[in-house]
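J.: No sequence on hand, only this structure:
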């Protein structure tokens, strides 16, 4: 019923079925995959009034599954491209390197990823899709607010150190920019949300 395609790989259709409504496929060595395409193969359509929620997970043997909703499939929208590179455990490789646990020229950790599809009623699918979009809008709004506050902080700090060698020119010494950056980075490390209070 479903297929999955990752760049440079063969199409996968070997979804394991769990009950009547849930399907799971494992993507081996998924560290270098940035996008996947999930699609209906065309052999079987969704029953009337139903669609599929597509989920993504990096399975961790030491933790419960962490499924992230990617999007939807339906008879009207039988395929979707999903970006998964922003869902990777990028800190894990850095942590192992810093701990000295990467040896013998080993340059990567091999991970498998999982994609799950849950067949639900159209109402449930639309509700989940709206929640996903609301969360994305909230995150984007917070990012814009952070960027504005950061730039306002930089401007307020740096303007007080302006040097005017001539009436038509004003400069900010590089030392001032470096000082602001170190100070901002320190505050961010102490409290990632400090900018909300300023």
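T.: Yes, it's here. Values in this document were obtained by computation on a predicted structure and should not be read as measured data. Numbers count the residues shown, from 1 in each chain.
J.: pLDDT-wise, which helix or strand of this protein ranks last?
T.: Lowest mean confidence among the helices and strands of the chain (mean pLDDT, DSSP states H and E): helix 90-98, at a mean of 46.
J.: Could you list the low-pLDDT ranges of this protein?
T.: Where the chain drops to pLDDT under 70, the residues are 87-110, 198.
J.: Wait, a helix at residue 145?
T.: Yes: going by DSSP: H, G, I helix; E, B strand; the rest coil, the assignment for residue 145 places it inside a helix.
J.: secondary structure class for the residue sitting nearest the centre point of the chain?
T.: Nearest to the geometric centre of the chain sits residue 86, at 3.1 Å (CA atoms, centre = their mean). Here residue 86 is recorded as helix under three-state DSSP.
J.: who's in contact with the closest residue to residue 67 other than its chain neighbours?
T.: Nearest-residue entry for residue 67: residue 55, 4.3 Å, with adjacent residues in sequence omitted and distances by CB to CB, 6 or more residues apart in numbering. C-beta: built from backbone N, CA, C; applies to glycine. For residue 55, the contacting residues are 67-70, 115-118, by CB atoms under 8 Å, 6 or more residues apart in numbering.
J.: Need phi/psi at residue 83.
T.: The phi and psi values for residue 83, taken as degrees, to the nearest 10, are phi -90, psi 120.
J.: try residue 138
T.: According to degrees, to the nearest 10, residue 138 has phi -60, psi -50.
J.: quick one on the thing from earlier: distance to residue 175 added to the contacts of residue 55, as TSV?
T.: Below are the contacts of residue 55 laid out as TSV (distance: CB to CB, whole Å):
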residue	distance to residue 175
67	48
68	43
69	47
70	46
115	50
116	53
117	55
118	56
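J.: Just the buried ones from those, in PyMOL syntax?
T.: Buried members of the contacts of residue 55, defined by 16 or more other CB atoms under 10 Å, are picked up in PyMOL with:
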select buried, resi 69+70+115+116+117+118
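J.: helix/strand/coil for residue 137?
T.: Classification of residue 137 by three-state DSSP places it in helix.
J.: What of residue 126?
T.: Per three-state DSSP, residue 126 ends up helix.
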